[in-house]
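J.: Prediction below, plus the sequence it came from.
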Amino acid sequence: METMNNNCAGMESKLAEMLLDPGAAPAKVQKHVADCENCRKQLADLRATMALMDTWKTPEPSPYFLSRLDARMREERASAPAGWPESWIARLRARFAYGPSMRVRPLAAMALTVVLFLGGGAYLGITDWDQPVSAPGQAAVVHDLQTLDNNAQLLDQLEAMSSSNESGD
């Protein structure tokens, strides 16, 4: 009995795969389900659940649902609570619940665009301050010629030193 329970560990996902496509299940899993009473019962329960879900029909929504919802939301917006603190809190809550009016959205988008441009410009201006201005560089050909000239001068000096050492010996 205990060996069957150890083999059943992790079979839930394999049973679901076997339920959807029995031919794709490995032979080892099919043999286990054929030998194990508990796994056979779970597979039968899964099949019964899927058959029951196939027979279920979704209910049709009421055709007047959206019109009643719109009317209820208009009533909520129009109702004014008594006293100024309650009305202020109710207006604030309604603004968050129902969203701002349509004419505020373009203004908010424009303000956000301006803030992004100013923030991006400020960021670029700050990062440019930290970088030192570099002098215009020399062309690669000029640099190579100068290096060869320096090497030629160095070789001339070494030859002069070696000829003075040979003459002094």
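T.: It's in.

J.: Now stretch 111-121 - C-alpha only, CSV.
T.: Coordinates of each C-alpha in stretch 111-121 appear next as CSV, following Å, rounded to 0.1, in the frame of the first residue of the first chain:
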residue,chain,number,x,y,z
ALA,A,111,0.6,68.6,-18.4
LEU,A,112,2.3,65.2,-18.3
THR,A,113,3.9,65.7,-21.7
VAL,A,114,5.3,69.1,-20.5
VAL,A,115,6.6,67.6,-17.3
LEU,A,116,8.3,64.7,-19.2
PHE,A,117,10.0,67.2,-21.6
LEU,A,118,11.2,69.4,-18.8
GLY,A,119,12.4,66.4,-16.8
GLY,A,120,14.2,64.9,-19.8
GLY,A,121,15.8,68.2,-20.7
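
J.: Contacts for that stretch, please.
T.: Counting contacts by Cβ atoms under 8 Å, 6 or more residues apart in numbering, no residue outside stretch 111-121 touches it. Using the backbone N, CA and C atoms, a C-beta is placed for each residue, glycine as well.

J.: After the worst-scoring helix or strand of the chain on mean pLDDT, heading C-terminal, what element do we hit next?
T.: None of the helices or strands of the chain scores lower by mean pLDDT, DSSP states H and E than helix 2-8, at a mean of 54. Per DSSP states H and E, the first helix or strand lying C-terminal to helix 2-8 is helix 11-20.

J.: So this structure: which segments form each domain?
T.: Using automatic domain parsing, the domains assigned to the chain come out as 2-55, 83-126.

J.: Low-confidence regions, this structure specifically.
T.: 1-7, 80-82, 96-103, 126-138, 168-169 (pLDDT under 70).

J.: That one: helices as residue ranges?
T.: 2-8, 11-20, 27-35, 37-55, 65-78, 84-98, 104-130, 140-168 (DSSP state H).

J.: Of the domains of the chain, give the one that comes closest to Pro61.
T.: domain 2-55 (20.0 Å; Cβ to Cβ).

J.: and the closest one, how far out from the chain's middle?
T.: 36 Å (Cα atoms, centre = their mean, to the nearest Å).
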